[in-house]
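> no FASTA, just this:
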């Protein structure tokens, strides 16, 4: 981030605590300091918001990833378990 | 959904060699294991190879499973090792071992500050955007990519991710933040064009 501010924590300190903050593991005091900081520092607010959005998008994207046709059948054949399964892609 | 899929897997039955119980294990986990391999390798044939090798090895080594982690974490561990071994065969420098100098280095400072959160969900997760998400994750070093996939895409806890990769929770947290910040920068480059269309 381009400059430091007269906040309780600096932009660089926020960055160092960001992992715990995003994980919901930061202490109440750190959370308060981060929230006070991002209320005044637009760049840090954007970083926090877009970081959370990045995590959300990847999670959503993963959940919509499907297994191609035929993969399941070949897996069960390789494991010699295909006699237990009658129908699947 | 088939009720047999939602019932807990019996480790006792697996150890006793139950084929039907192993089939239930496969049914419960083949999708996330395939997904992990695909996101790691970006190649469907390689992902299928990793999927098959993961369950073949699980079948062979069930007797060695001591239950110190969950069955799912154990499977993720085998799959992660298989994927990394495949990458190592293609690019011999691949390693997920701790590299203290890098772990302790300063975090990269964010450089892009476009607020693209306001874009509609159908834009953020369009087919083209999903291709960009896949493209971006391939730009991460393997040791960051695997941590990000397990934690943020597959939803393992920090502890489980550490168990799957045989890394400390501190190392996982450091790599995770590096991965997230790197992906945020790449996505910011892509999405800012969507909020500031060229005239």
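Good, I have the coordinates. Note that this is a predicted model, so its numbers are computed, not measured.

> Name the single longest helix found in chain B.
The longest helix of chain B (DSSP state H) is helix B:169-195.

> Chain A now?
Max-length helix for chain A by DSSP H is helix A:42-63.

> roughly how far apart are the residue nearest the centre of chain A and chain B?
Chain A has residue A:55 as the residue nearest its centroid, 2.6 Å off, counting by CA atoms, centre = their mean. According to CB to the nearest CB, to the nearest Å, residue A:55 stands 5 Å off from chain B. C-betas here are computed from N, CA, C, even on glycine.

> do the same with residue A:31
17 Å.

> can I assume that residue is in contact with residue A:23?
No: applying CB atoms under 8 Å as the test, residue A:31 and residue A:23 come out as separate, 11.6 Å apart.

> wait, does stretch B:185-195 contact chain A?
Yes: residues of stretch B:185-195 are located near chain A by CB under 8 Å from any CB of the partner chain, namely B:187, B:188.

> any residues touching that stretch, and which ones?
A:50, A:54, A:57, B:108, B:110-116, B:118-119, B:123-124, B:129, B:132-133, B:136, B:139 (CB atoms under 8 Å, 6 or more residues apart in numbering or on different chains).

> and those residues, which are buried?
For the contacts of stretch B:185-195, a burial check counting by 16 or more other CB atoms under 10 Å in any protein chain shown picks out A:50, A:54, A:57, B:110, B:112-116, B:119, B:124, B:129, B:132-133, B:136.

> Tell me the one of those residues nearest residue B:17?
Taking CB to CB as the measure, residue B:17 lies nearest residue B:133 of these, at 41.3 Å.

> Okay, and that closest one sits in which element?
Here residue B:133, judged by DSSP states H and E, is contained in helix B:127-138.

> what mean pLDDT would you report for the following helix or strand past that helix?
Counting by DSSP H and E, the next helix or strand C-terminal to helix B:127-138 is helix B:142-148. Helix B:142-148 comes out with an average pLDDT of 96.

> and what of stretch A:62-76?
95.

> Would you mark the buried spots in that stretch?
Here stretch A:62-76 shows A:62, A:67, A:71, A:72, A:75, A:76 as buried, counting by 16+ other CB under 10 Å.

> Report the secondary structure state of the residue lying closest to residue A:48 once chain neighbours are set aside.
Nearest residue to residue A:48, sequence neighbours excluded (CB to CB, 6 or more residues apart in numbering or on different chains): residue A:38, at 5.6 Å. Following DSSP: H, G, I helix; E, B strand; the rest coil, we place residue A:38 in the helix state.

> try residue A:35
From three-state DSSP, the assignment for residue A:35 is helix.

> roughly how far apart are residue B:76 and residue B:6?
Residue B:76 is 20 Å from residue B:6, where distance means CB to CB, to the nearest Å.

> what about those two, which has more around it?
Shown here are residue B:76 and residue B:6; by other CB atoms under 10 Å in any protein chain shown, residue B:76 has more neighbours (27 against 8).

> element containing that one, please.
Assigned by DSSP H and E, residue B:76 falls in helix B:71-90.

> Are that helix and chain A in contact anywhere?
No: figure legend: helix B:71-90 not in contact with chain A (CB under 8 Å from any CB); closest approach 12.7 Å.

> chain center to that helix, what's the gap?
10 Å (CA atoms, centre = their mean, to the nearest Å).

> Residue B:148: what's it in contact with?
Per CB under 8 Å, 6+ apart, neighbours of residue B:148: A:58, B:137, B:140, B:175, B:176, B:179, B:180, B:183.

> rerun at 10 Å
A:54-55, A:58, B:39, B:137, B:140, B:154, B:161, B:175-176, B:178-180, B:182-183 (CB atoms under 10 Å, 6 or more residues apart in numbering or on different chains).
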